[in-house]
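Colleague: let me see the structure of the following:
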Amino acid sequence: MSSEEDPTLVIDDGIAKTNEPVSSSVAEPAAATRRHEPHEPARTNLPQRLYEKREFVHNKRIDGPFRRFKWAMMAITLTIYYVTPWIRWDRGPYAPDQAVLVDLANRRFYMFGIEIWPHEFYFVAGLLIMAGIGLFLVTSAVGRAWCGYACPQTVWTDVFQHVDRFFDGDRNARKRLDAAPWTWGKVVRRAAKWTVYLLIGFWTGGAWIMYFADAPTLVEEFWRGEAAPVAYITVAILTITTVTLGGFMREQVCIYMCPWPRIQTAMLDEKSLIVTYKDWRGEPRGSVKKARRQPGQFGDCIDCQQCVQVCPTGIDIREGPQVGCITCALCIDACDRVMNDIGRPRGLIDYATLEDCEREAAGEAPRPIWKTILHPRTVAYFLIWCSIGLGLLFALGTRSHTDLTVAADRNPPFMLMSDGSIRNSYTLRLRNMESRPRDMTIALEGLTGGVLWTDTISKEQAAPKQTVRVAADQVTTVRAYVMAPPSTRATDFAFRLTSLDEQGEFDIGQARFEAPGENP
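Modeller: Numbering: from 1, shown residues only. Okay, here's the model as predicted:
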């Protein structure tokens with residue numbers, strides 16, 4: 001092809017170019033711009049915008065088993081979130097009585113009868129791993145059910161959508177109000193609705209900070225203006241983010257911001273149970289009147305748009321699986337109600353696997369639901385999840401509430417006493433993980449003739465074993481001095497810490513006794 005055949009084409013060093021703009025990134029309309037292929041016609045239409053304008057979603061009210069299940073899940077999750085900080089749990093006089101508490105000041109995590117210390121962070125890591133595998137398990141079994149029913153973004157978006165219905169009415173009324181000019185009536189409605197938005201966001205942020213301090217005390221200090229500045233800052237940030245994400249952005253968070261739909265997509269296949277439109281049964285679409293005039297020419301879908309109107313993300317499930325579908329199944333409720341009204345079989349939109357849809361389209365019976373859920377991948381996830389949980393329970397049940405760490409002084413490594421005996425110094429950290437004070441003994445093992453004393457025990461009371469009282473739920477630092485006879489050579493030995501109660505727990509800390517002369 002030459003430039004004579006296409007006057008807009010320019011051949012420059014064998015590269016086809018055109019003077020017609022191909023994108024809005026071209027600064028000047030006449031600037032030479034690279035074309036995709038030399039044989040393509042010149043592009044003369046400049047794109048108006050590089051992204052699609054947002055269509056606000058006004059989902060319609062619907063009732064049905066899945067909608068009622070969403071109501072139940074919303075009530076359960078919100079109750080857990082808002083009420084849990086107020087639940088009391090008696091741990092005795094030396095520990096907080098809040099059932100769930102993240103005590104950052106003392107570096108503790110309390111969850112009912114369980115107390116996690118910093119050195120036991122593996123429990124928290126194990127719970128996070130279980131949560132991740134649990135999401136894999138749910139996705140493998142029933143698709144994106146987490147997104148549809150229990151995800152915080154979904155739950156709070158649902159709350160704000162019900163607030164919209166309360167103030168503005170159902171779908172058509174809200175659309176009319178959005179399109180209406182700003183009158184005083186519209187201003188009052190918007191102000192009232194957004195005030196409720198702020199109250200929901202404020203209480204959401206307030207409930208969050210209650211997990212990090214005693215809830216009744218914090219609430220009293222908060223309203224008196226005596227709480228820490230970080231409390232007010234956290235509540236302000238969470239109020240703004242809750243209102244922004246749940247009140248205004250809504251489906252955009254699910255479609256564009258959240259990475260989880262992309263991860264879940266990689267875990268779904270033709271064996272996964274998802275919300276599916278049975279196109280082989282619904283197509284071609286036609287109204288009830290058309291179907292009556294031309295029997296057998298149309299499918300069951302009457303193109304009523306009910307499945308689209310009830311969707312909280314505004315997608316059309318009939319276009320197939322897509323990122324915007326959160327598997328809330330409200331479209332199933334809407335479609336089943338329409339099928340009942342027109343006297344056609346339910347299940348045009350249904351929870352099904354692509355394999356079962358192919359079987360059903362071929363006239364075969366679909367598999368029982370339990371066979372669909374219990375496929376090898378789901379079973380594997382479940383076994384892994386249970387194994388981690390059982391391992392954590394075993395570690396929790398067998399852990400010791402007594403711990404000892406030993407650090408030797410390095411400068412000087414030893415001291416020669418006036419009578420020729422040798423003294424070493426150590427810093428011992430005694431950990432009492434019980435919510436009560438305990439007496440514990442510190443004993444020397446493997447050091448012949450050795451005795452010890454501490455800063456609170458005089459040298460005259462030196463002995464191979466000493467008793468120390470450790471406060472409840474605390475780590476006590478003890479400065480220990482160990483003395484051995486003059487003939488002692490450098491050797492390894494151990495401190496043994498034993499609790500003097502009915503539990504009789506113990507821990508051993510290895511140490512080294514330094515002495516003059518060559519090491520053996």
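
Colleague: against Thr84, how distant is Phe121?
Modeller: According to Cβ to Cβ, to the nearest Å, Phe121 stands 22 Å off from Thr84. (Each C-beta comes from the backbone N, C-alpha and C, glycine too.)

Colleague: more neighbours: these two, which one.
Modeller: Thr84 (17 against 11; other Cβ atoms under 10 Å).

Colleague: excluding sequence neighbours, find me the nearest residue to the more buried one.
Modeller: The shortest distance from Thr84 to any non-neighbouring residue, by Cβ to Cβ, 6 or more residues apart in numbering, is to Val100 (5.2 Å).

Colleague: the one you found pairs with what?
Modeller: On the basis of DSSP bridges, Val100 is bridged to Met111.

Colleague: what is the neighbour count of it?
Modeller: 18.

Colleague: that one and Arg61: what is the separation?
Modeller: 35 Å.

Colleague: the helix or strand harbouring Leu452 packs against which elements?
Modeller: Counting by DSSP states H and E, the element that carries Leu452 is strand 451-454. Counting contacts by 3 or more Cβ pairs under 8 Å, 6 or more residues apart in numbering; DSSP states H and E, strand 451-454 packs against strand 438-445, strand 465-470, strand 474-484.

Colleague: quick one: average pLDDT of that strand?
Modeller: Summarised as a single mean, pLDDT over strand 451-454 is 92.

Colleague: related to what we said a few turns ago, the residue nearest to Thr84 contacts Ile114, doesn't it?
Modeller: No. Counting by Cβ atoms under 8 Å, Val100 sits too far from Ile114 to count as a contact (9.9 Å).

Colleague: can you mark which positions in stretch 104-123 are buried?
Modeller: For stretch 104-123, a neighbour-count test (16 or more other Cβ atoms under 10 Å) marks 108-110, 115-117, 120, 123 as buried.

Colleague: do me a favour and get the end-to-end distance for that stretch?
Modeller: Distance across stretch 104-123, first residue to last, is 17 Å (Cα to Cα, to the nearest Å).

Colleague: name the surrounding residues that touch that stretch.
Modeller: Applying Cβ atoms under 8 Å, 6 or more residues apart in numbering, the contact partners of stretch 104-123 are 89, 91, 95-96, 98-103, 124, 212, 392, 395-396, 399, 403, 431, 433, 435, 473.

Colleague: apply 7 Å and report the result again.
Modeller: Outside of stretch 104-123, the residues within contact range by Cβ atoms under 7 Å, 6 or more residues apart in numbering are 89, 96, 98-103, 124, 212, 392, 396, 433.

Colleague: which residue of the protein lies farthest from its centroid?
Modeller: Asp419 (64.6 Å; Cα atoms, centre = their mean).

Colleague: that residue is in what secondary structure piece?
Modeller: Asp419 belongs to no helix or strand, assigned by DSSP H and E.

Colleague: state the distance from it to Lys289.
Modeller: For Asp419, the distance to Lys289 - Cβ to Cβ - is 114 Å.

Colleague: again with Tyr110
Modeller: For Tyr110, the distance to Lys289 (Cβ to Cβ) stands at 65 Å.

Colleague: just Pro464 next, same as before
Modeller: Pro464 is 100 Å from Lys289, by Cβ to Cβ.

Colleague: more neighbours: which of those two?
Modeller: A count of neighbours by other Cβ under 10 Å puts Pro464 above the other of Pro464 and Lys289, at 14 against 9.

Colleague: who's in contact with the more buried one?
Modeller: 443-444, 450-451.

Colleague: nearest to Arg469, of these?
Modeller: Ala443 (15.9 Å; Cβ to Cβ).

Colleague: next, count neighbours for the closest one.
Modeller: 17.

Colleague: I'd say it and Arg496 touch.
Modeller: Yes. Assessed by Cβ atoms under 7 Å, Ala443 is found in contact with Arg496 at 4.6 Å.

Colleague: partners of the strand or helix carrying Thr276, with directions?
Modeller: Thr276 is part of strand 274-277, with elements assigned from DSSP H and E. Paired neighbours of strand 274-277 in the sheet (DSSP bridges): strand 349-352 (antiparallel).

Colleague: just the CA atoms of the strand holding Leu452, as PDB, please.
Modeller: C-alpha atoms of strand 451-454 as PDB (Å, rounded to 0.1, in the frame of the first residue of the first chain):
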ATOM      1  CA  VAL A 451      24.300 -20.900  95.000                       C
ATOM      2  CA  LEU A 452      22.300 -17.900  94.000                       C
ATOM      3  CA  TRP A 453      20.800 -14.800  95.400                       C
ATOM      4  CA  THR A 454      19.000 -11.700  94.000                       C
END
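
Colleague: neighbouring contacts of that strand?
Modeller: Under Cβ under 7 Å, 6+ apart, the answer for strand 451-454 is 442, 444, 459, 461-464, 466, 478-483.

Colleague: return the distance of that strand from the chain's centre.
Modeller: 50 Å (Cα atoms, centre = their mean, to the nearest Å).

Colleague: ok, stretch 343-361 next?
Modeller: 33 Å.
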